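Undergrad: return atomic coordinates for the entry below.
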Amino acid sequence: MKAMDLKLNSFSKVLILVIGLLVLMMLFFSIYNRITVDVIKREIEAANLNKLMFLKNQLEEKFNGISINSIMLANDPEIRELEYKQLSGDPYDRQKLKRSILEQISLQSGITGWWTDITVYSRLTHEVISTTSNTFDFEDAELIGGIKKGWQYDAGASEDQGTFVWHAVAPSDAYEDLASARLIIKTAMGTEDLRSMLDQYKADGHGDPMLYSPQFGLISNHTIDASYASDVRAYLDSIDLEEGQSNLSLQLSDQHYVATYQRLYGLDWYLVDSIPVDQMLSPVTKARHLFYTFTAALLLLSIAAANILYRQLQVPIRELIKNIQGIKRGNYASRIRMEGSGEFVFLFRRFNEMAEEIQTLLERVYEERIRSREALLKQLQSQINPHFLYNCLFFIKNQARLGEEEAVVAMALNLGEYFRYTTRLGKGTTKLQDELDVIVNYLEIQNLRTNRFSYRMDIPESMKGLEIPRLILQPVIENSVIHGIEPRDGHAHISIVGEQDAPVCRIIVSDDGVGIGERELQELQTRLDSADNPDNVSFGLWNVNQRIKLMFGGESGLSVARNPDGGTVVTLTFLVKEDTACSEF
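TA: Just a heads-up that it's a prediction; the model follows:
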C-alpha cells in the first residue's frame, strides 16, 4: 500500500485532475451539442412542414379551381344549348355556337394559370368540341372504360407524358349511371406546370419536392438527381404513409435526410419534400469537430507535460523505491542502472555503494555459514563412510569364500576409485564428467551388494565439461538408493538424464522407489528453500541446494517432485554463464 501511495504522487493527481476536467467539459459539450442538434432538427422539420403546407394549399387550390371550372362548364347554358341547336336543324347557328363554345373553353383552359385541354362532348348530338386537335369517339374510348368522379391520373408512356383528368357530367348525378349523362366535360392537365411549381419551390429552399403515388410513382422537379429519386421511391414503396404523421427519417447512401409529406385532398398523391440534415447541420458539425480537436490537442499537451514531469521526477523516485524494496526482500544485488539528474545522481551513487557493501558483508557471512555446514557434512561423512566401508569389506570377504573372483575384483576396483575421489583434498569444484564417474562407482558398489536395481545415464557431451561443486550428485543418488529403492520390494531403476536449454542446464535424477507423500514433499521443499536448517533434516539435499545457489545464483538450485510412475524426481538446475561448456550448443 505504501508503494502504491508513493506512485500516486502529485504529478499523477494533477494529470488525473486535468483529464477529469477535460472529460467533464467534453461530456457537457456533447450534451449541449446533442440538445442543439435536436432543437435545430425540430425547427427544420417545423419550417419545412410549414412551407410544404403552403405548397400543398397552392396545389389543392389549383386542382380545385380547375375542377370547379370544369363543373361550371358542364352547367353553362351556352354549352348545354349545343344539344338543342343540333336538334333545331339550323347549320349556321349550330356552327356559330360551336365557335363560341370553343372560344369559351379556350379562354377557360388557362384561366387558373396552368394550361389544360378541355373537351366538350354532347351525347345527344355526338358533337365534340375540344381545345386539342386530338379528338376521338367518346362512345368507345370513355364510356366503355368508365368515368369516375374526382381526379384520375393517366400515366402515359413516360413520367413526362402523364396527365391528370377530371370529368364533369350533366346532370351531376349521372356518375352512377353514365348512360343518363347528356353532357361530358373532360379537363386534362399535363405535369409540366406542376413540375415547374415544384422547381420554383425548390429554388426557394434546400429541399427536393416531389409528388408520390404508391400506384404511379413520382412526379419530380426538373433538377432532381435520378439516383436520389430512385432511392426515395424505393424507400417510400417499402413503408406505409400513415395519416396524422408528417415526418420521416431517411438514410440514403451516406446522407441523412428528413422527409416531410402531406396528402393532397381529392387526389391519391402525396406531396413529399426531403432535406439533407447533414448539410443543414454542417456549421454545427464543424464547430463540434473544432472543439473536439482543440480538446484533444489540450489533452495531448497535458499528457506531454505530465510525461516530462514523470520522467524527470517520478521515474527516478520509483526506481529508488523499487531497489530499496528489493533490498528489503533480500535481493542485495539490486542496483540502480539509470542516469538521474541533479540530486538524483548523488542519491543513486550512494545507494549503489551502500547496496554493494551490504551484499559483500552478507556474502562473507553466508560463505562462512556454508563452510561451517560443509565441515559438519564432512564430519557426518567421516561417521558414515566407515560403516559403508565395513559393508563393502564384508561383501569382499563373503564373495572370496564363495570363490566369486570377478565380484571381488569389481568391488575392490569400484571401492578404491570411490574413496580416492571422496578423500581427495584441494580444489572444491570438479568437472561434471568426474562426478559422473564416481556416481558410476557408487552405483556399481551398491548393485554388487544388493543386485536390486538397474540404472541409466544419459548426459549430453556438451554438459560433461561443466564445472560444479564436488560431491554434488552423490548425496542425491545415495538418497534415491537408501530412501527410495532399498525399502521397496523387487527390482528398481534409477535414471540420470541431462537437459540443456541455454543458459540453463539440468540434471534429473528419478527412481521408481517407494516415493514420498504429498505432505512430506511440501515440507521437504519448504526446508530446502529455507536459508537455514537448524534441525539438520534432509541435510544432504539442503546442503546440495545451498551450494548450487551459492555457486550459480539466480534460479539455480534443487527441487523435488513425485514421479508420475511412482518414486521421486530430483532436479538440479544450473544457471550457467555464456562462456561455460553448457552454453556451447
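Undergrad: so how far is Val509 from Glu520?
TA: 18 Å (C-beta to C-beta, to the nearest Å). Where you see a C-beta, it was placed from the backbone N, CA and C, and this is true even at glycine.
Undergrad: okay, the two: which has more neighbours?
TA: The neighbour count for Glu520 versus Val509, taken as other C-beta atoms under 10 Å, is higher for Val509 (22 against 11).
Undergrad: got the domain ranges for this structure?
TA: The chain resolves into domains spanning 75-190, 357-583 when parsed by automatic domain parsing.
Undergrad: may I see those organised as TSV, with mean pLDDT and distance to Tyr32 added?
TA: Listed next are the domains of the chain as TSV, based on pLDDT from 0 to 100; distance: least, C-beta to C-beta, whole Å:
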stretch	mean pLDDT	distance to Tyr32
domain 75-190	74	46
domain 357-583	81	59
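Undergrad: got CSV for these, with distance to Ser302 too?
TA: Formatted as CSV, the domains of the chain follow (distance: least, C-beta to C-beta, whole Å):
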stretch, distance to Ser302
domain 75-190, 61
domain 357-583, 42
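Undergrad: right, and those - which one's nearest Ile66?
TA: Nearest to Ile66, of all those, is domain 75-190, at 5.5 Å by C-beta to C-beta.
Undergrad: just the endpoints, please. Distance across that closest one?
TA: Domain 75-190 has an end-to-end distance of 24 Å (C-alpha to C-alpha, to the nearest Å).
Undergrad: cool, stretch 78-93 as well?
TA: Note: stretch 78-93 ends 12 Å apart using C-alpha to C-alpha.
Undergrad: also stretch 499-519?
TA: Using C-alpha to C-alpha, the end-to-end distance of stretch 499-519 comes to 28 Å.
Undergrad: cool, stretch 97-116 as well?
TA: One end of stretch 97-116 sits 21 Å from the other (C-alpha to C-alpha).
Undergrad: ranges for the helices of the stretch 401-550 of the chain?
TA: Per DSSP state H, counting those that start in this stretch, the stretch 401-550 of the chain carries helices over the ranges 405-422, 432-450, 474-479, 518-529, 539-552.
Undergrad: of all the ones you listed, which lies closest to Phe344?
TA: Phe344 lies closest, by C-beta to C-beta, to one member of these: helix 539-552, at 33.5 Å.
Undergrad: can you tell me the helix or strand for the residue nearest to Ile105 when sequence neighbours are not counted?
TA: Excluding the flanking residues, the one nearest Ile105 by C-beta to C-beta, 6 or more residues apart in numbering is Ile118, at 4.2 Å. Per DSSP states H and E, Ile118 falls inside strand 117-122.
Undergrad: which residues sit against that strand?
TA: 70, 73, 79, 82-83, 86, 101, 105-106, 108-109, 127-132, 135, 138, 142, 182-189 (C-beta atoms under 8 Å, 6 or more residues apart in numbering).
Undergrad: got the phi/psi numbers for Asp225?
TA: phi -70, psi 130 (degrees, to the nearest 10).
Undergrad: Ser213 too?
TA: The phi/psi pair for Ser213 (degrees, to the nearest 10) is phi -130, psi 130.
Undergrad: again with Val560
TA: Dihedral angles (degrees, to the nearest 10) for Val560: phi -120, psi 140.
Undergrad: wait, what's in contact with it?
TA: For Val560, the contacting residues are Ile516, Leu521, Leu524, Gln525, Leu528, Leu541, Thr568, Val569, Val570, Thr571, by C-beta under 8 Å, 6+ apart.
Undergrad: tell me how far it lies from Ser30.
TA: Relative to Ser30, and taking C-beta to C-beta, Val560 is found at 62 Å.
Undergrad: got any ranges where the stretch 201-350 of the chain has weak pLDDT?
TA: Scanning the stretch 201-350 of the chain for pLDDT under 70 picks out the ranges 205-206, 243-254, 278-281, 338-342.
Undergrad: ranges for the strands of it?
TA: Using DSSP state E, counting those that start in this stretch, the strands of the stretch 201-350 of the chain run over 210-213, 217-220, 247-252, 255-263, 270-276.
Undergrad: do the stretch 51-200 of the chain as well
TA: Listed in chain order, the strands of the stretch 51-200 of the chain (DSSP E, counting those that start in this stretch) span 117-122, 127-130, 151-154, 163-170, 183-190.
Undergrad: can you give me the angle the fourth one makes with strand 183-190?
TA: Counting by axes from the mean of the first three to the mean of the last three C-alpha atoms, to 10 degrees, strand 163-170 points 160 degrees away from the direction of strand 183-190.
Undergrad: could you list the buried residues of strand 163-170?
TA: Of the residues in strand 163-170, Phe164, Val165, Trp166, His167, Ala168, Val169, Ala170 count as buried by neighbour count, 16 or more other C-beta atoms under 10 Å.
Undergrad: let me know the closest of the residues you listed to Lys51.
TA: Nearest to Lys51 among those, with distances taken as C-beta to C-beta, is Phe164, at 23.0 Å.
Undergrad: and stretch 347-364, C-alpha only, in CSV?
TA: Only the C-alpha atoms of stretch 347-364 are listed here, as CSV (Å, rounded to 0.1, in the frame of the first residue of the first chain):
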residue,chain,number,x,y,z
LEU,A,347,21.4,9.5,-4.4
PHE,A,348,21.8,6.7,-7.0
ARG,A,349,25.6,6.5,-6.4
ARG,A,350,25.3,6.5,-2.6
PHE,A,351,22.6,3.8,-2.9
ASN,A,352,24.7,1.6,-5.2
GLU,A,353,27.7,1.9,-2.8
MET,A,354,25.5,1.0,0.2
ALA,A,355,23.9,-2.0,-1.5
GLU,A,356,27.3,-3.2,-2.7
GLU,A,357,28.7,-3.0,0.9
ILE,A,358,25.7,-4.8,2.3
GLN,A,359,25.9,-7.6,-0.3
THR,A,360,29.7,-8.0,0.3
LEU,A,361,29.2,-8.3,4.1
LEU,A,362,26.2,-10.8,3.7
GLU,A,363,28.1,-12.9,1.2
ARG,A,364,31.0,-13.2,3.6
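Undergrad: so what touches that stretch?
TA: Pro316, Leu320, Asn323, Ile324, Ile327, Tyr332, Ala333, Ser334, Arg335, Ile336, Met338, Gly340.
Undergrad: now a ChimeraX select for only the buried ones of these.
TA: This is the ChimeraX syntax for the buried subset of those, where burial follows 16+ other C-beta under 10 Å:
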select :316,320,323,327,332,334,336,340
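Undergrad: from the contacts of stretch 347-364, which land in helices?
TA: Among the contacts of stretch 347-364, the residues falling in helices (DSSP state H) are Pro316, Leu320, Asn323, Ile324, Ile327.
Undergrad: how many other residues sit next to Gln108?
TA: Gln108: 20 surrounding residues under other C-beta under 10 Å.
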